[in-house]
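Novice: no sequence on hand, only this structure:
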């Protein structure tokens, strides 16, 4: 008899200014659902439907099904799978749409087949799906989508969960424009000045140390980006204006989420976050740029089975 589970996976913010390709956090909102069912055909994975986005339904060209199939094969293909996706994180938004699909798929398969794998053990299979989307096995979105919280992905070894004892409120602004990952990567220089690299590594160290010390002020103060944002901000219309109005309205730090076009802005409380969101809405409206706004906090839990 067929079994099914429903899984929820969070959106994520990658880089967080100081940790290019290495740092990310899970968001409490938005997130997306996926229903995964077992079928009678061993090894076969198919997409039944996708709601909320126009995605490829071919199992070899869909991120969720590729990740699910990778884990299914590692477990010796005891059954087949059917996936139904509800995409509440817009593809190309810069807040981990593909990572949520990959993470949700492997968590669902792990539950259906009683594999008992930990979230970090699921990461290689989720990365098989993420690689389809980005062409690389960067874990800065997938790892927090699986583990939740704030996660550091070192060059080698398992991802590291970093303590996040802050009640930060994040405002995510998603302008309805397209920034291709290839263009975002192409905007970055091949080399950077040694002086900038030294300062940037010091900011990263200060941020991680502040997280372990529970020092919210120092952690926020450390979110400086000398290497990426200066080269990518031209891809996002009105970025400097967004930054100015967000900071004036109460944001303590902010920047580009992943490769964009979404930006993130961190406030100390819900009231400031509402003010930041309103100011960004005014900015987008005045510049005739369609947008979505999300209000979130850092989610302590990653992809999980829900009723």
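Specialist: Happy to help now that I have it. Bear in mind that the values here come from a model prediction, so they are computed numbers and not experimental data.
Novice: so what touches the helix or strand of the chain with the lowest mean pLDDT?
Specialist: Within the chain, judged by mean pLDDT, DSSP states H and E, the helix or strand with the poorest mean is helix 181-186; its value is a mean of 83. Counting contacts by Cβ atoms under 8 Å, 6 or more residues apart in numbering, the residues outside helix 181-186 that touch it are 134-135, 232, 235, 259-260. C-beta here means a position set from N, CA and C on the backbone, and glycine is covered the same way.
Novice: just checking, which of those belong to helices?
Specialist: Restricting the contacts of helix 181-186 to those inside helices, with DSSP state H as the criterion, leaves 134, 232.
Novice: JSON lines for the contacts of helix 181-186, including distance to residue 182?
Specialist: Formatted as JSON lines, those follow (distance: Cβ to Cβ, whole Å):
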{"residue": "134", "distance to residue 182": "10"}
{"residue": "135", "distance to residue 182": "9"}
{"residue": "232", "distance to residue 182": "13"}
{"residue": "235", "distance to residue 182": "11"}
{"residue": "259", "distance to residue 182": "9"}
{"residue": "260", "distance to residue 182": "13"}
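Novice: still on that earlier bit, after the least confident helix or strand of the chain, which helix or strand is next?
Specialist: Following helix 181-186 in sequence order, the next helix or strand is helix 194-213 (DSSP states H and E).
Novice: domain map for this structure?
Specialist: Structural domains assigned to the chain are 4-162, 169-296, following automatic domain parsing.
Novice: so which of those domains is nearest residue 305?
Specialist: Checking these against residue 305 by Cβ to Cβ gives domain 4-162 as the closest, at 5.2 Å.
Novice: quote the end-to-end distance of that closest one.
Specialist: With Cα to Cα, to the nearest Å as the measure, domain 4-162 spans 33 Å from end to end.
Novice: what is the mean pLDDT for that domain?
Specialist: For domain 4-162, the per-residue pLDDT values average out at 94.
Novice: chain center to it: distance?
Specialist: Averaging C-alpha coordinates over domain 4-162 and over its chain gives two centres that are 11 Å apart (Cα atoms, centre = their mean, to the nearest Å).
Novice: can you give me the strands in the stretch 1-150 of the chain?
Specialist: Chain-ordered strands for the stretch 1-150 of the chain, with DSSP state E, counting those that start in this stretch as the definition, fall at 4-14, 23-39, 45-51, 80-86, 150-152.
Novice: so what touches the last one?
Specialist: To tie it back to what came earlier, the one meant is strand 150-152. 19, 22-26, 140, 143-144, 159-164, 208, 211, 298.
Novice: ok, 10 Å please
Specialist: Contact with strand 150-152 is made by 12-14, 16, 19, 22-26, 120, 139-145, 159-164, 166, 204, 207-208, 211, 219, 298, 300, 302, as judged by Cβ atoms under 10 Å, 6 or more residues apart in numbering.
Novice: pairing partners for the helix or strand where residue 294 lies, with directions?
Specialist: Using DSSP H and E, residue 294 sits in strand 291-296. When pairs are called by DSSP bridges, strand 291-296 turns out to pair with strand 169-175 (antiparallel).
Novice: tilt between the partner strand and strand 23-39?
Specialist: Taking axes from the mean of the first three to the mean of the last three Cα atoms, to 10 degrees, one finds that strand 169-175 is oriented at 70 degrees with respect to strand 23-39.
Novice: and strand 169-175 with strand 4-14, angle?
Specialist: Between the axes of strand 169-175 and strand 4-14, defined by the same axes, to 10 degrees, the angle is 90 degrees.
Novice: and strand 169-175, what's its mean pLDDT?
Specialist: Model confidence over strand 169-175 averages 97 on the pLDDT scale.
Novice: that strand: how far from the chain's middle?
Specialist: Computed by Cα atoms, centre = their mean, the separation of strand 169-175 from the middle of its chain amounts to 13 Å.
Novice: re earlier: what residues does the strand holding residue 294 touch?
Specialist: Outside of strand 291-296, the residues within contact range by Cβ under 10 Å, 6+ apart are 10-11, 13, 25-31, 89-90, 93, 95, 168-177, 261-262, 264, 267, 270, 273-274, 276-278, 280-281, 283-285.
Novice: buried subset of the residues you listed, written for ChimeraX?
Specialist: The following ChimeraX line selects those of those that are buried, judged by 16 or more other Cβ atoms under 10 Å:
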select :10,11,13,25,26,27,28,30,31,89,90,93,95,168,169,170,171,172,173,174,175,261,262,264,267,273,274,276,277,280,283,284
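Novice: tabulate the domains of the chain (a markdown table), appending distance to residue 307.
Specialist: Putting the domains of the chain into a markdown table (distance: least, Cβ to Cβ, whole Å) gives the following:
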| stretch | distance to residue 307 |
| --- | --- |
| domain 4-162 | 7 |
| domain 169-296 | 22 |
